[in-house]
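Peer 1: What would the 3D arrangement of this be:
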Amino acid sequence: MSKGLPLISVSELGSNELKNADFIEAAYQFAVSTPSHVFTDILADAFNDYNYILVISRDMFDKDLASTVIQFVRKNNTILDVNKPLTILPGLQHPSYGFDTIFLINCEVHGLFKGDNMDVYLRTIQAIPAYHCEFNSNDDIELVRYVRSRFVSTLDWKRSPAPRVWFKFNNKITNSIGKKMGITSIDHALQEVLRIAEYKTGWAEFKNYLDEHIRLDYEGNSYLISIPARQPISLPEDEITSWITSYLIDGLEQVLST
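Peer 2: Numbering: from 1, shown residues only. As a prediction, this is how the structure comes out:
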């Protein structure tokens, strides 16, 4: 590798198949296999005289996407910060994928190479092709770890957007009450929203990836959406799923302008 970063031995990465990547300069490629999955790892020089960029995919690998991610991070390598759990780099584009963002996570979040090479562990920033709606730059280490383990399959390059959903609700029929907001999946949140119409009672509150807050109540045969500093919006039952999905993925301003 170039730019003064030290060469890494096979044992220091815990892999017995370390090789130079043949599709991009100054990068190693290796595979890690488990009984259930095969992970392809690319460890590349960030060209800033300090950091490594780590790109990982599970069960499929696309050299072109990996190259696009690494080159985009290299062009923006001044934002790499080993002290920040999560840095968001917008603007990713690839003709075959919908990813529009790269999430950059530090060693405290990814935890890789710690037992093999402490220097590599501390320098390495994992670059994750992603959708802008999946995280917030203020998310702390524990939240990023939790969301990755439960809701956003960050190693799956075929995934659809998994928007960040903070949610609480009151289902008066089943006596299910969320006393405080918690992170959940879009599928679970929409299921509870539809139950409000089914039972003609209850409410739900959301925060999206921009921390924009809304509340849903049911009145008559429609949903009443309350938005801070705005007039409430009334929506029929057959429009609520698409409206909430757009709000979670695109944000309030976008959904209100359509």
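Peer 1: Quick one: residues contacting the residue nearest the centre of the chain.
Peer 2: By CA atoms, centre = their mean, the chain has its centre lying nearest to residue 134, at 4.0 Å. Residue 134 makes contacts with 101, 103, 147, 152, 161-164, 209, as judged by CB atoms under 8 Å, 6 or more residues apart in numbering. C-betas here are computed from N, CA, C, even on glycine.
Peer 1: Spatially, what comes nearest to it if we skip its sequence neighbours?
Peer 2: Counting by CB to CB, 6 or more residues apart in numbering, residue 152 is the residue found nearest to residue 134 once chain neighbours are left out, at 5.0 Å.
Peer 1: Am I right that the one you found sits in a helix?
Peer 2: No: with DSSP: H, G, I helix; E, B strand; the rest coil as the criterion, residue 152 is assigned coil and is not in a helix.
Peer 1: What is the neighbour count of it?
Peer 2: 23 (other CB atoms under 10 Å).
Peer 1: Was I right to think it contacts residue 162?
Peer 2: Yes: using CB atoms under 8 Å, residue 152 is in contact with residue 162, at 4.6 Å.
Peer 1: what's the spacing between the spatially closest residue to residue 77 that is not a sequence neighbour and residue 111?
Peer 2: Nearest residue to residue 77, sequence neighbours excluded (CB to CB, 6+ apart): residue 48, at 4.1 Å. Going from residue 48 to residue 111 by CB to CB, to the nearest Å gives 22 Å.
Peer 1: So the two - more neighbours on which side?
Peer 2: Each of residue 48 and residue 111 has its neighbours counted (other CB under 10 Å); residue 48 has more, 16 against 13.
Peer 1: Now do the same for the residue nearest to residue 77: its pLDDT.
Peer 2: Looking at residue 48, its pLDDT stands at 93.
Peer 1: Helix, strand, or coil at it?
Peer 2: Residue 48 - assigned by three-state DSSP - is coil.
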